[in-house]
Each structure stands twice: as C-alpha cells, then as structure tokens.
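>>> Give me a model of this one.
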Amino acid sequence: MVFERKHYLNLLQDADGNGMIKVITGIRRCGKSFLLFKLFRKRLIERGVHEDHIIQVNLEDRRNKKLRDPDALLEHIDSLMIDADKYYIMLDEVQLVNEFEDVLNSYLGVPNAEVYVTGSNAKFLSKDIVTEFRGRGWEIQIHPLSFAEYYEVVGGEKAEAMELYNKYGGLPAVAGLEKPENKENYLREIFETVYLRDVLDRNHLKNAAGLRELVRILASIMGSSTNVRRITNTFKTAVGIDITPATISKYIECLQDAFIISEALRYDVKGRKYIGTETKYYFEDIGIRNAVVGFRQLEPTHAMENVVYNDLRRNGFSVDVGLVESFRRDGEGKLQRRNLEIDFIVNRHDERLYIQSAYALPSKEKVEQEQASLLQISDGFRKIIIAGNRYSSGYNENGILVVSLYDFLLEKIDLWK
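Reported below is the predicted structural model:
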C-alpha cells in the first residue's frame, strides 16, 4: 500500500534551488524517510536527474555508524561529487551526527549541492532552524496521512473509512495493516518503544511513569481547555502522584518537541489578545491518542475536532481556539455576561476564518448552539460550521457556511473562497 504524498512532494520540489538547507521535520514513523528516499528520489529521476547524482545516507542504519562522525560524513559526500552538475544530498536523521550543523553549513556555499535532511526531535524545531543554519534553513513539516491521502488509497464507503481513520489514525504503517488487532498492537508498541522512549532518552528524563501518565491525562482531556495547574491537581487527586507544575510544563514541552502533541492557544476575539491561563492540546495522530487510552475512550466528537485541527495545520495555517464575550438578559431582565467558545480561529496572512466543529446537527437547537458564538463576531471574516452528519454544503440564513466534513477533508471545497 503506497501513499503518494503529493502535497509534500510538491513542497520538496518547490524548495529545489532556493539556496537553503531543506529540513524535513515531523513525528517519528510519519513517513519522512520514505518520502525523501523513495518518492522524492523517484520524482527527481523522472525529471532527468541521474541516479549517481542523488546521494542518500540513512544515519539510523548501523552500517552507517562510522558516518556519524562529521569529518567522515563530509569525506564520504565529497568523494561522490565528481563533477560540476547538481547533486542532491539526502541525509536521514542527521541529528545523530556530532556537530551536524557544521556539516550542513559546509554545503551552503557549494553551488551544485542541494541538501535535504530529516529530523524528528527538538534539534529540528522551527525555532532552532534559523539559528543553526544561519538563516538559511527551510523547514518542511510532514504530518501523518490526511484523510484525503488515506481515502485515496483505501477507498470504499466514506463513513466506514472515516470510522477507521478516527480510530487508528494516519500513520502509513498502520494503514497498511489488515487486522484491527494488528493495528492496535502496533500503535501501543510504537507509543511505548518509540515515542515514549525517545522523549525519555533525548531529554534525559527519569520518571517514565510520570511522563506516561501525563500523556494519558492529555489524551483523556483532548480538545478540552486546561492549564498546568489543573493537570497538576489531576495528578494528585486522580493518580496519586505528587508532581510539580514546573515538571509538568517541562514534560509538555518535550512532548511538543517530539511532535506528539501540539498546543492551541486561546484568543479573545473582542479583546484582541491571547489568554494565557487556558489552552488546548491535540494529538498529532489520533491513533496514537486512542492507543494511549486503550481504544476505550474514543469520543467521536473530540476525535473529529482533533482531525479537523490537524487538517487545518497540515495546510500551513496558524490555528488558535477562540473566546467571545456575549450578553443576554435572564428571566428577571438582568443583563448577564457569558463567554462562548469558538473551536478554531484560523489565520492566513491577513485573512481569518472562524470555525466550529460539530459532530452532528440533529436539530434546530443544536444549530443555534453551534452558531451562537459565531453570531457574536462582527469583523466580517468568514464563519463556518464543519458538520459530521451533513452531506451537502451551503450557507444558512445567518450567512454561516455549513460544510460537510467529507467536503472539507477531501478538499472539495475551498474555505477561503
């Protein structure tokens, strides 16, 4: 089962010749190596690049251990560049090389060297790339399969495919497994032996039980507003572990650095400011989240919200969660203030979308509930409800665009037009 990853192939191709080091980041096992070493290599050859002008080194391979020495790696690459034609240098998990920054920077001044590297930890975070590569690092973040990528290959009934995707996620290896028990076993094992172990080892953490429990807590409150203090209290009351807020903050940062979770900040629409006390956390892959809770607490409403969030971010948008102030009179005529939530505030340059994620719209009352916060916003930007049970898209009487989940995920509708 081969997923073509056309979106990312185009990003890699578009970056060709930009004079920068192309840094491919993303959660482990999302397909970075296959994308670069197989799919992108194939595209280059189809474009006329000779195979001997594509230099590939997998630094996780034990057979290449000696190339983790920076001078040995430089010597190896230089020995393969025998003419003035362009060479494509592809290094997988280059952070395993000592002083890898110097190695890569050595090729910034080489006119016929086009460098692509992959990484899956904090050393390849966006905040570090500019510094490490002297302002000439170009990040391309790879995500697990989108539903559109998944469905293009798997096919069948959309509802059935969506149910499987919401349960097992979009890691390419999982999609290729037939039996449900094999999918579940793979996800459980990869969480324990790859993700959890990777975070512990790379950050020199000792409290494996505490980190594991934190991930479980974040999985159980997926899509809910929270803060470090509340999570700390949960440890004490529900788990019986006494852990400091500073440690919780550090662990959360480590999980973000490994691309396992991401944070959506809360934004006050009318106050035009971020509210630092509350935030939401979403999982990079919904299958990993479900594995953490033993495939029991599946919560289709929050699963859909997580999938929508990931799809928005996959398209390169900045995504926050929103809050808007509303006033109404009670039965005695007294004016009451309340805060209404907006699931997502999506920013693209100077444009913005306000989006509600609704698993179902079974009644007029539910529609009114979902659009209540949107109707309080008067800045003129588009307001959208993405509905899981609606199979046709269109505007309602309040000018709100109601979009089918399938139209959104399968990219049949442009939310910005």
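>>> Could you use CA atoms for every contact and neighbour count after this?
Noted.
>>> now do the same end-to-end measure for stretch 216-224.
Distance across stretch 216-224, first residue to last, is 14 Å (CA to CA, to the nearest Å).
>>> got the buried residues for that stretch?
The neighbour-count check on stretch 216-224 (16 or more other CA atoms under 10 Å) flags 216-223 as buried.
>>> So what's the gap between it and the chain middle?
Distance of stretch 216-224 from the chain centroid (CA atoms, centre = their mean, to the nearest Å) equals 16 Å.
>>> who does the residue nearest to F344 when sequence neighbours are not counted bridge with?
Nearest non-adjacent residue to F344, counting by CA to CA, 6 or more residues apart in numbering: V321, 4.5 Å away. Beta-bridge partners recorded for V321 (DSSP bridges): R266.
>>> can you tell me which residues contact K270?
Counting by CA atoms under 8 Å, 6 or more residues apart in numbering, K270 touches 324-325, 377.
>>> Wait, a helix at it?
No. Going by DSSP: H, G, I helix; E, B strand; the rest coil, the assignment for K270 is coil, not a helix.
>>> E253 versus the residue nearest to F344, what's the distance?
19 Å.
>>> who's more crowded, these two?
V321 (27 against 16; other CA atoms under 10 Å).
>>> so that one makes contact with L340?
No. V321 is beyond contact range of L340, at 11.1 Å (criterion: CA atoms under 8 Å).
>>> What ranges does the stretch 251-400 of the chain have for its helices?
Ranges of helices in the stretch 251-400 of the chain, per DSSP state H, counting those that start in this stretch, are 286-292, 300-314, 364-371.
>>> can you give me how far the longest one is from the chain middle?
So that's helix 300-314. 10 Å.
>>> next one: the shortest one
Here the centre of helix 286-292 is set off from its chain's centre by 14 Å, with CA atoms, centre = their mean.
>>> Kindly format the C-alpha coordinates of that helix as CSV.
The C-alpha trace of helix 286-292 is given here as CSV (Å, rounded to 0.1, in the frame of the first residue of the first chain):
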residue,chain,number,x,y,z
ILE,A,286,-5.5,10.3,16.6
GLY,A,287,-4.5,6.6,16.5
ILE,A,288,-1.7,7.2,19.0
ARG,A,289,-4.1,9.1,21.2
ASN,A,290,-6.5,6.2,21.1
ALA,A,291,-3.8,3.7,21.9
VAL,A,292,-2.8,5.7,25.0
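>>> Assign a three-state SS to the residue nearest to I413 when sequence neighbours are not counted, would you?
Excluding the flanking residues, the one nearest I413 by CA to CA, 6+ apart is D407, at 5.9 Å. Assigned by three-state DSSP, the conformation of D407 is helix.
>>> domain ranges for the chain?
The record's domain parsing of the chain by automatic domain parsing lists 6-141, 147-417.
>>> mind giving me JSON lines with those domains and columns for mean pLDDT?
Output for the domains of the chain, formatted as JSON lines (pLDDT from 0 to 100):
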{"stretch": "domain 6-141", "mean pLDDT": "91"}
{"stretch": "domain 147-417", "mean pLDDT": "93"}
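>>> which phi and psi does the most far-flung residue of the chain relative to its centre have?
Ranking residues of the chain by C-alpha distance from their mean position (CA atoms, centre = their mean) puts E332 at the top, at 47.5 Å. Backbone torsions for E332, taken as degrees, to the nearest 10, come to phi -100, psi 10.
>>> Now distance to N203 too, for the contacts of K270, in CSV please.
Compiled in CSV, the contacts of K270 are given as follows (distance: CA to CA, whole Å):
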residue, distance to N203
V324, 38
E325, 41
I377, 43
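>>> longest single strand anywhere in this protein?
strand 335-348 (DSSP state E).
>>> Could you list every helix and strand in contact with it?
strand 318-329, strand 351-358 (3 or more CA pairs under 8 Å, 6 or more residues apart in numbering; DSSP states H and E).
>>> quick one, it and helix 364-371 angle?
For strand 335-348 against helix 364-371, the angle by axes from the mean of the first three to the mean of the last three CA atoms, to 10 degrees is 70 degrees.
>>> Which of the residues in strand 335-348 are classified as buried?
340-347.
>>> Ok, stretch 81-97 next?
Within stretch 81-97, judged by 16+ other CA under 10 Å, the buried ones are 81, 86-97.
>>> Contacts for it, please.
Residues outside stretch 81-97 that contact it (CA under 8 Å, 6+ apart) are 33, 36-37, 53-60, 67-70, 77, 100, 111-120, 123.
>>> try it again with 6 Å
53-59, 68-69, 112-119 (CA atoms under 6 Å, 6 or more residues apart in numbering).
>>> Ok, stretch 237-254 next?
With CA under 6 Å, 6+ apart, stretch 237-254 has contacts from 232, 235-236.
>>> Ends of it, what's the gap?
24 Å.
>>> to the chain's geometric centre, what's the distance from that stretch?
That offset, for stretch 237-254, works out to 23 Å (CA atoms, centre = their mean).
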